[in-house]
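J.: dropping the sequence and predicted coords here.
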Amino acid sequence: MVDVAIYLAAGCSGCELSLLDLGDRLADLNFRVIWASPTLGDGKYGRIPEVDIAFVEGGVRLDEQERIVRELRRKSDVLVAFGICAACGGVPGLANLHSKDEILEGVFRKGTTTDNPESIIPQKTVFVDGKYELTLPEFYENVRAVDQIVEVDCYIGGCPPTPGQIEDAVSRIIGGEVGWITTARAVCESCPYELGDGMEGAGRFTKIVSGECFLKKGILCFGPATQGDCGASCPKVNTPCRGCGGPLPAVSDYGAKIVDMLSLLLDEKGVEELGSNYHTIAKLIYLYSMASATIPGRVRKYHVREIE
Ligand code: SF4
Ligand code: SF4
Ligand code: SF4
């Protein structure tokens, strides 16, 4: 029997719920969860035991998450980045296109459902009634993928990974496999449609294109550059792939690979349409991997000093 810890950092619990979706098949996985937090148990402030495998779901945004991830690294033989948030930053990593101040301002002062008449922004330390000191975890400037904090042995893509994918990955990890745990086949290889060699422009996904490859019809689909362990779930229900499977092996920057792919498929008209149809193309091509992009998400503005 293999002892396992499961920890949710900056994610949404979807990966753990996908694990639970295995139902009765969970019993065949040959592991027992002896520490979990916070979705499956409340182990966060208890002592973290030594485990064979630690699954970390989500990226790292808070100092508390960093502390627990480092502790899990010390206490585990194998550390797994479980799901695309842990592996590449996931959707929460898109926040790296904004500063911490912009995010706090947007959420706590300008949100459409925000009710904050005193305009209070969360502070790391507050005194209540002048005598009780309360602390919140520190909110970092950026979301980081887990391997930007500690060494990661195994990566599982997907948002979330499918139950079947998890079942297969767990047995391969227990069997000693490391690196990306994937079939290494692109989404297109499981897709029922035939990939073309060009695109008719670059439009948004607003019209139904039933029964044909999205790229052929001029709609962005990231299937050619994405791990297809999901079995092409999205194109099979008439939705373009948005890349949650993660980069194919040997690709270190997923978004750069998408740009490479588009440069092969788009003609001049297509490039123009891409620019006019997508105002924040970075948010689309790095939807799941902004935190692990080669170029950091937020390019700071430089103030040019006037020469006297
Ligand atoms: S990968 Fe998706 S399902 Fe898993 S924690 Fe991140 S957002 Fe949630
Ligand atoms: S629809 Fe998408 S996944 Fe299917 S063949 Fe075309 S590009 Fe590949
Ligand atoms: S088709 Fe693409 S976006 Fe959809 S589940 Fe598979 S990898 Fe994720």
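T.: Thanks, I have the structure now. Ligands and ions are numbered 1, 2, ... in the order given.
J.: show me which residues of stretch 274-284 are buried.
T.: Judged by neighbour count using 16 or more other CB atoms under 10 Å, the buried positions of stretch 274-284 are 274, 278, 281, 284. Every residue, glycine included, has its C-beta placed from N, CA and C.
J.: out of these, which two sit at the greatest distance?
T.: Spatial extent of the buried residues of stretch 274-284 (CB to CB) is set by the pair 274 and 284 at 9.8 Å.
J.: before we move on, back to that, tell me which of the buried residues of stretch 274-284 fall in helices.
T.: Under the assignment DSSP state H, the buried residues of stretch 274-284 contribute 274, 281, 284 to helices.
J.: what is the lowest-pLDDT residue among the buried residues of stretch 274-284?
T.: Minimum pLDDT for the buried residues of stretch 274-284 is recorded at residue 278 (84).
J.: helices of the stretch 1-150 of the chain, start to end?
T.: With DSSP state H, counting those that start in this stretch as the criterion, the stretch 1-150 of the chain has helices at 14-20, 63-75, 84-88, 100-108.
J.: so how many other residues sit close to the closest residue to ligand 2 within the stretch 101-250 of the chain?
T.: Taking CB to the nearest ligand atom, ligand 2 has its nearest neighbour within the stretch 101-250 of the chain at residue 223, 2.4 Å off. The number of residues packed near residue 223 is 26, by other CB atoms under 10 Å.
J.: list the contacts of the residue lying closest to it once chain neighbours are set aside.
T.: Leaving aside its chain neighbours, residue 223 sits nearest to residue 187 (3.6 Å; criterion: CB to CB, 6 or more residues apart in numbering). Residue 187 is in contact with 222-224, 226-228, 230, 232, 234-235, 241, 245, counting by CB atoms under 8 Å, 6 or more residues apart in numbering.
J.: by neighbour count, which of the residues you listed wins?
T.: Compared across the contacts of residue 187, residue 245 has the highest neighbour count, 33 neighbours, by other CB under 10 Å.
J.: which residues touch the residue lying closest to that one once chain neighbours are set aside?
T.: Of all residues not flanking residue 245 in the chain, residue 227 sits nearest, at 3.7 Å (CB to CB, 6+ apart). Neighbour list for residue 227: 157, 180, 182-187, 245-248 [criterion: CB under 8 Å, 6+ apart].
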